[in-house]
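Colleague: Below are the sequence and a predicted model; questions follow.
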2 protein chains.
Amino acid sequence: MHVTEAKAEHWPQIFPFFAAIVAEGETYSYPDGLSSDAARALWMPGPPSRTVVAIDGDQVLGSALTGPNRPGRGSHVATASFMVDPAVRGRGVGRALGVHVLDRARDAGYRGIQFNAVVETNTRAVALWQSLGFEIVGTVPGAFRSASHGFVGLHVMYLDLTTDERSTT
Amino acid sequence: MHVTEAKAEHWPQIFPFFAAIVAEGETYSYPDGLSSDAARALWMPGPPSRTVVAIDGDQVLGSALTGPNRPGRGSHVATASFMVDPAVRGRGVGRALGVHVLDRARDAGYRGIQFNAVVETNTRAVALWQSLGFEIVGTVPGAFRSASHGFVGLHVMYLDLTTDERSTT
């Protein structure tokens, strides 16, 4: 498995798990039932954002979208979103994407990475980001309507890149 | 002074203070030097967001943009942005806009209002929102590059509308 820049030809493999993950209703607040074109516009918006894929041979296992969290006077902080094909959960794909995004954010000179909305019941993701050095800045109560848990909190998470050391994979 | 729906004819009065406030570099992370058209697209995007103005006679004193903070499973939480003409600061325009936005969010059935990025050195705004019941959920360190203070934190603030009582003006 390696992580590389997403190309247009990858989208037909990304969209099925993008749609499945949104439909699960546990992690993302994208609108329901997005068309492939509408979803691609959100997940592959182009510069200044970047979309990457985790690939094994010809198979796309997961994808990440990263870029500045805000324009202008907030553009020194990155953000990122991650999706892993549910069929390959538990194989370290999310971690590989996360480490890639962190390393690229450091190389690009970002001062930190902010996640704006990590669903608190998505404990696997929360634990992964904490293991990579992220801290929970705060939790907005009930800000996500989980399909199985009802109203749950959204964590704001942050990793300071001005003090930490390069992560080891 | 009263608060009412913004119309296209108000924009020529909004844009000068929008541009002045962004240029001050103390409160907003919009890109520098936006054209009037580009700024209008951001500040008056249309439904599901709403833009309102605080007006005294024919004079626009300030404006607010409000709507769902996220689509889909986050659309039950509102957000809002506020701008008051620097020439009329200290006259309660921000409070009038804030009270209007809160009351309309309650009427619209939102469960809460989240501010994603209140600059911590904008102490007047922080105090105003706290006086209206908002709490600081957390602060992302150094996430805003203030023109006069350098890197300062951005507060995430939240008001729970499921338990509070209607504010009094």
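Modeller: It's in. No experiment lies behind these values; they were computed from the predicted model shown.

Colleague: what about the helices in chain A?
Modeller: A:11-24, A:36-43, A:93-107, A:123-131 (DSSP state H).

Colleague: Leaving out sequence neighbours, find the closest residue to the residue of chain A found nearest chain B.
Modeller: Using CB to the nearest CB, the single residue of chain A nearest to chain B is residue A:138, 2.2 Å away. To be clear about C-beta, it is placed using only N, CA and C from the backbone, and glycine gets the same treatment. Once flanking residues are discounted, residue A:138 sits nearest to residue B:138: 2.2 Å by CB to CB, 6 or more residues apart in numbering or on different chains.

Colleague: Might you report the residue contacts of the one you found?
Modeller: Neighbour list for residue B:138: A:136-139, A:156, B:155-156 [criterion: CB atoms under 8 Å, 6 or more residues apart in numbering or on different chains].

Colleague: Mark which of those residues are part of strands, please.
Modeller: By the criterion of DSSP state E, membership of those in strands covers A:136-139, A:156, B:155-156.

Colleague: Residue A:89 - how many residues pack around it?
Modeller: If you count neighbours by other CB atoms under 10 Å in any protein chain shown, residue A:89 ends up with 13.

Colleague: And it, how close does it get to residue A:157?
Modeller: 20 Å (CB to CB, to the nearest Å).

Colleague: Kindly report the same for residue A:144.
Modeller: 14 Å.

Colleague: Those residues of chain A touching chain B, which are they?
Modeller: Residues of chain A found near chain B (CB under 8 Å from any CB of the partner chain) are A:22, A:25, A:28-32, A:69-77, A:111-112, A:114, A:116-117, A:136-147, A:151, A:154, A:156, A:158, A:160, A:162.

Colleague: The residues you listed in strands, which ones?
Modeller: Those of those lying in strands (DSSP E): A:77, A:112, A:114, A:116-117, A:136-146, A:151, A:154, A:156, A:158, A:160.

Colleague: So if I had to pick from residue A:144 and residue A:157, which one is more boxed in?
Modeller: residue A:144 (29 against 24).

Colleague: just checking, the more buried one touches residue A:30?
Modeller: No. Judged on CB atoms under 8 Å, residue A:144 makes no contact with residue A:30 at a distance of 12.0 Å.

Colleague: Might one say that residue A:14 is in contact with residue A:65?
Modeller: No. In this structure residue A:14 lies outside contact range of residue A:65 using CB under 8 Å: 10.2 Å.

Colleague: Do you know the pLDDT at residue A:82?
Modeller: According to the prediction, residue A:82 has pLDDT 98.

Colleague: Next: the one 5 residues further on.
Modeller: pLDDT, the model's per-residue confidence, is 97 for residue A:87.

Colleague: got a list of what it touches?
Modeller: Taking CB under 8 Å, 6+ apart, we find residue A:87 in contact with residue A:17.

Colleague: distance of it from residue A:61?
Modeller: According to CB to CB, residue A:87 stands 9 Å off from residue A:61.

Colleague: Beta-bridge partners for the closest residue to residue A:126 other than its chain neighbours, please?
Modeller: Leaving out its chain neighbours, the residue that sits closest to residue A:126 by CB to CB, 6+ apart is residue A:118, at 6.0 Å. Beta-bridge partners for residue A:118, by DSSP bridges, are residue A:155.

Colleague: I'd guessed residue A:118 sits against residue A:154; true?
Modeller: Yes. In terms of CB under 8 Å, residue A:118 counts as a neighbour of residue A:154; the distance is 6.7 Å.

Colleague: more neighbours, the two?
Modeller: Legend: neighbour count by other CB under 10 Å for residue A:118 and residue A:154, higher for residue A:154 (28 against 21).

Colleague: pretty sure the more buried one contacts residue A:143?
Modeller: Yes. The pair formed by residue A:154 and residue A:143 meets the contact definition of CB under 8 Å, at 4.2 Å.

Colleague: list residues touching both of those two?
Modeller: A:117, B:74.

Colleague: just the helices of chain A: most buried one?
Modeller: helix A:93-107 (a mean of 20; mean count of other CB atoms under 10 Å in any protein chain shown).

Colleague: now it against strand A:112-119, angle please.
Modeller: 150 degrees (axes from the mean of the first three to the mean of the last three CA atoms, to 10 degrees).

Colleague: so helix A:93-107 versus helix A:123-131, what angle?
Modeller: Here helix A:93-107 runs at 30 degrees with respect to helix A:123-131, directions being taken by the same axes, to 10 degrees.

Colleague: Which elements pack onto helix A:93-107?
Modeller: With contacts taken as 3 or more CB pairs under 8 Å, 6 or more residues apart in numbering or on different chains; DSSP states H and E, helix A:93-107 sits against strand A:2-5, strand A:50-56, strand A:59-68, strand A:77-84, strand A:112-119, helix A:123-131.

Colleague: quick one: residue A:20 from residue A:11, how far?
Modeller: From residue A:20 across to residue A:11, the span is 15 Å (CB to CB).
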